[in-house]
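[1] Would you be able to build a 3D model of this:
(2 chains)
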Amino acid sequence: MDQNLESKKKTQYSRLFRRFIFLTMICSLVPLLFAGWAINIHYSEFAKERIIKTLQTRVDYHRKIIELFLKENRTRLDFIARTYSIATLTKDEHLKHILNSINRDFWTLTDIGIIGENGDHIAYVGPYDLIDKNYSKTFWFKEVMEKGIYTSDMFMGFRKEPHFIMAVIKNENGQRWILRATVNTDSFRSLVENVRIGKTGEVYILNSKGIYQTRPVSSGKILTAASGFEGEIHDSLKFRYLDTFDKDVKIKKIVCETWLKDPRWLLVVRVGEKELFEDVRHANRATLVSLHLSALIIFIVTVLITSHMVSVIKKRDREVERMNNQLMQTGKLASIGELSAGVAHEINNPLAIIMTEYQLLLDTEKRTPITDKTFGEQFAGSLNQIDIQVRRCTHITKNLMKFARRTKSVIETVNVNVFLREVIDLMGREAKSDGIKFISLLDDNLPSILTDPSQLQQVFLNFINNAIDAHEDKGFGTIILSTCLTKDTTGIVITVEDTGSGIKNEDIGKIFDPFFTTKAPGRGTGLGLSICYSIVKQLGGNIHVESEIGKGTLFTLTFPFKPPEDLLKHG
Amino acid sequence: MIGAKILIVDDEEIFADNMARLLQIRNYKVTAVYNGESAIKALEKDNFDVVVLDLKMPGMNGIATLKEIKNLGLFTETLLLTGHGSVDAAVEAIRLGAYDFLNKPCDIDDLIEKIEGAGRKKDDAWKKDMEEKLKRVIESPSDAFKLFD
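    So this is what the prediction gives:
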C-alpha cells in the first residue's frame, strides 16, 4: 500500500517535471525559434534580392563597357579612314604604324587592311597571309558596301579561325575603298569575361541567331548554336533561374541576359546560385547555429532549474506531510483527551457513590456481624474486591484527567543531568531488584534548559518504568541514559535506551496513541506514552523511537533551550 | 470534634445521603441538601461547623455557593469535593477562602480527617473572635449589646 503510494507520488513528480519543462519550452523556445527562423528567412530573402540587384547592375554596366569598346574601335577606324588618304594608308609602314599605335596599350586589333571597291586586298598588316584574297563575295563586304560602317558576327573567313571584323567605307575622289580591321578574339573574350563571377560563373555572347560569339566555359563551342535560345530581342535586362546538370547533379544557375545595341549581340552572364548566395548561406548557417545553440542552452537551464524546483517542492511536500501527521497526532490526542476527561469526570460520580455504598456496607457489617461464616467470608471478599476495583477505576480516571490536564506549567531552569540522576536514584532500587543496571552517559558541559521539572519527571519516570517492564521476560538488562547537545546546538538530546524485548514494527506507529498497550489487562492503562507525548510536545520537544524486536528500544527526546513562547507567557 | 454539625451539598442525591449516613454513624450531626440555593437557606436557618461542597453542580455551582457562604460572614468552614480535572477550580476555591479540597471518589477516613481539621479551624476562629469581643467588652462595657446583638 505504502509502496503503491510512493510510486504514485513519484509519477506525480515526474509528471510535474515534464509539464514544467513542456510549458517552459512552449513559452520560451517556440517564440524564440519562430521569431529566429522568421527573421532569418526574411533577412536571407532580402539579402538575395540585394545580391541579384547588384548582379543586374554589374551586368548592365558590363554591357555598356562592351558597347563602348566596340563603338570606340568603330569610331577609331572611321577616324583613320577620314584622316588618311588611300595613298598614305597603302604604305605598309604607315599602316603598321597605325596598328601598333592602336595596340600600344591593349592588344585590340589582330590585323588591319585596305580593300578596294572590287574586293581585292590593297594593303594588309597582320599575322595572316591574306594580301591576295578577294573579299567581293563575302557577306560582310556586301554589308559594308551597303551600310558604310559595319561590325560583323564571328565567322571563320579565309584564315579559318573564329574572328569578327569592323569595316568602314571611304569615298575618296570618286574612288571607294574599305578600311577593315579584325578585333583580337582573345582580347575581346577577356574583356567580355571580365565580369565573370566565382568558379561556376560564365560570360558569353550570342548573336541574334543564337550562335556563340565567344567560347563559353562549360558547354558549347564558339560558332555553334546555343541551346534554349529564344531569339526575342529586347532592351531590358532579363533575369531567370536555370536548372543545369553536371554529371546528373542538378545545379541551379542564375542567368542575366541583355542585348547589345550594335551589333545586336546578347550578353549572357551565368552564375551558380549556390556560389552567388554563399555569403547569405554562411550568415544563415551562423544565425541558425547560434539560434539552436541558444535553444539548447535554454533547454539545459530549464531542465536544471525545473529539477531543482521539483526537488524543492518534493522537500516542501514531505515537510508539509510530516507536519500534517504531527498535527493529526496532536489533534487526535487533544480530542481524545477532551473526550476522556469528560468521561472520567462523569464516571467519578458513580464511583464516589459506589465507594460510599461500600463504606456503608463495611460499617453495617462491623455493627451487625454476619453469623453465617461462609456468607461472611464471601461478603468480606466481595467488599474487598469492590474496594480494589473502585480504586483501580479511580486510578484510570486519574490518569485520564492527567492526560487531558489543563493545569498550568511551572517553568524553571533545570539542569537536566542533575535531574536525570535524581530520577535514576528514584527508580534504581526497583530496577536493581529486577536485575537491571543503569548506565548514564551524561554530557557534563550540557547547559541548563527552561522547562517544567514536574512534568519532565513524569515523562522520565514513565520511560524508565516502561524500560524496566520491557525486561520482564529476560529478567536482566541495561538501561542507558545519555544527554548531549543537538547537532545544530539549538537544544538538547536525551536518549533512553533499553535492552528489553523491543516493539513490533506494526506497533511503532501506535505507541503514542491513547489506550494502546501491550501489557496484561490491569497492568497498564495505555495512557503513559501518550501523556509523555503530549507533555513533550507542550514543552516544545520531540520524541523519536527506534526499536528492534529482542534487542531493545531507543527513545530520543529533543528539547529546545526554551519552551514555546505561549507556555512561557501563560505558564 | 465529635458531634460537629455538617452540611453536605451535592447534586448526586444518593452520594449526599450515603455520606450523611456514614458521618451520622460516626456521630456527626449531618444535613444533606442537593443544590447551592438549599445550602444557603440551610446556613441562614441553622449553624453548621463544616460545609462539604461539591464543585460541579447544576445551577449555582460550588464556587458561586462558596462566595455566597463567605458573604454570610459565618465561621463555618467549607471543604470542596472535586473531580480530578478541576484542580484549577479547587485552587480558586482555596483562594476564595475554602479550607481544603478532596478528590472524588474519596475515602471516608480522609474526609473525616479533613472535616476534623476544618472543625478545629472554625472553633479556633470562633474562640479568637469571642476573646476579642470579650476584651472589647471589658474595655468598653457600653458596646456589649452591640457586639452580642
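[2] Tell me how far A:Arg74 lies from A:Leu179.
    11 Å (C-beta to C-beta, to the nearest Å). The C-beta positions use only the backbone N, C-alpha and C, and glycine is treated the same way.
[3] Touching both of the two, which residues are there?
    Shared contacts of A:Arg74 and A:Leu179 (C-beta atoms under 8 Å, 6 or more residues apart in numbering or on different chains): A:Val168.
[4] between those two, who's got more neighbours?
    A:Leu179 (27 against 18; other C-beta atoms under 10 Å in any protein chain shown).
[5] Look at that one and report its pLDDT.
    If you check A:Leu179, the pLDDT there is 95.
[6] If it is in a bridge, with which residues?
    A:Ile114, A:Val168 (DSSP bridges).
[7] so what's it up against?
    A:77, A:80-81, A:89, A:112-114, A:167-168, A:170.
[8] now B:Val52
    Counting by C-beta under 8 Å, 6+ apart, B:Val52 has contacts B:6-10, B:19, B:79, B:81, B:111, B:115.
[9] Among the residues you listed, which lie within strands?
    Among the contacts of B:Val52, the ones falling in strands (DSSP state E) are B:6-9, B:79, B:81.
[10] name the element A:Lys209 belongs to?
    Using DSSP states H and E, A:Lys209 sits within no helix or strand.
[11] okay, now it: neighbour count?
    For A:Lys209, using other C-beta under 10 Å, the count is 10.
[12] which residues touch it?
    A:225, A:231.
[13] Quick one, grab the pLDDT at it.
    For A:Lys209, pLDDT reads 91.
[14] and what of A:Glu365?
    87.
[15] can you tell me which residues contact it?
    A:379-380, A:383.
[16] Now tabulate those residues in a markdown table and tack on secondary structure.
    Shown next, in a markdown table, are the contacts of A:Glu365 (DSSP: H, G, I helix; E, B strand; the rest coil):
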| residue | secondary structure |
| --- | --- |
| A:Phe379 | helix |
| A:Ala380 | helix |
| A:Leu383 | helix |
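[17] so which of these would you say is closest to B:Glu131?
    Set against B:Glu131, the nearest of the contacts of A:Glu365 by C-beta to C-beta is A:Leu383 (47.4 Å).
[18] what ranges do the helices span in the stretch 251-400 of chain A?
    A:273-276, A:278-367, A:373-403 (DSSP state H, counting those that start in this stretch).
[19] Format these as a markdown table; extra columns: distance to A:Ile439.
    A markdown table is the format used below for those (distance: least, C-beta to C-beta, whole Å):
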| stretch | distance to A:Ile439 |
| --- | --- |
| helix A:273-276 | 90 |
| helix A:278-367 | 31 |
| helix A:373-403 | 30 |
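[20] Please identify the most buried of the ones you listed.
    helix A:273-276 (a mean of 18; mean count of other C-beta atoms under 10 Å in any protein chain shown).
[21] Identify the residues contacting that helix?
    A:51-52, A:55, A:197-201, A:241, A:251-254, A:281.
[22] Take the residues you listed and keep only those in strands.
    Per DSSP E, the subset of the contacts of helix A:273-276 in strands is A:241, A:251-254.
[23] Present these as a markdown table; the columns should include pLDDT and distance to chain B.
    Below are the ones in strands among the contacts of helix A:273-276 laid out as a markdown table (pLDDT from 0 to 100; distance: C-beta to the nearest C-beta, whole Å):
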| residue | pLDDT | distance to chain B |
| --- | --- | --- |
| A:Tyr241 | 90 | 101 |
| A:Ile251 | 86 | 102 |
| A:Lys252 | 89 | 99 |
| A:Lys253 | 89 | 105 |
| A:Ile254 | 91 | 103 |
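[24] Just the buried ones from those residues?
    A:251, A:253-254 (16 or more other C-beta atoms under 10 Å in any protein chain shown).
[25] which of the residues in the helix ranked longest in chain B are buried?
    In chain B, taking DSSP state H as the definition, the longest helix is helix B:108-139. For helix B:108-139, the buried set under the neighbour-count rule, 16+ other C-beta under 10 Å, comprises B:108, B:111, B:114-115, B:117-119, B:121-122, B:137.
[26] how much space between the residue nearest the centre of chain A and B:Lys128?
    Nearest to the mean C-alpha position of chain A, by C-alpha atoms, centre = their mean, lies A:Phe299 at 0.5 Å. Using C-beta to C-beta, A:Phe299 is found at 96 Å from B:Lys128.
[27] For the stretch 51-200 of chain A, which residue gets nearest to chain B?
    A:Ile51 (97.4 Å; C-beta to the nearest C-beta).
[28] beta partners for the closest residue to chain B within the stretch 101-250 of chain A?
    Per C-beta to the nearest C-beta, the residue of the stretch 101-250 of chain A with the smallest distance to chain B is A:Lys250, at 100.1 Å. Note on A:Lys250: beta-bridge partners by DSSP bridges are A:Phe245.
[29] now the helix or strand where A:Pro31 lies against helix A:278-367, angle please.
    According to DSSP H and E, A:Pro31 maps onto helix A:30-83. For helix A:30-83 against helix A:278-367, the angle by axes from the mean of the first three to the mean of the last three C-alpha atoms, to 10 degrees is 170 degrees.
[30] Give me the distance from helix A:30-83 to the chain's centre.
    45 Å (C-alpha atoms, centre = their mean, to the nearest Å).
[31] now do stretch A:273-291
    Its chain's C-alpha centre and that of stretch A:273-291 lie 25 Å apart, by C-alpha atoms, centre = their mean.
[32] ok, the spatially closest residue to A:Val195 that is not a sequence neighbour - contacts?
    In space, A:Val195 comes closest to A:His62 once its chain neighbours are excluded; the distance is 4.1 Å by C-beta to C-beta, 6 or more residues apart in numbering or on different chains. Contact analysis of A:His62 by C-beta under 8 Å, 6+ apart lists A:194-195, A:203, A:267, A:269.
[33] Double-check that A:Ser482 belongs to a strand.
    Yes - judged by three-state DSSP, A:Ser482 forms part of a strand.
[34] Compute the number of surrounding residues for it.
    16.
[35] Please apply the same query to A:Asp443.
    14.
[36] bridging residues for the closest residue to it other than its chain neighbours?
    Ranked by C-beta to C-beta, 6+ apart and with sequence neighbours excluded, the top spatial neighbour of A:Asp443 is A:Cys484, at 4.6 Å. Under the criterion DSSP bridges, A:Cys484 forms beta bridges with A:Val493.
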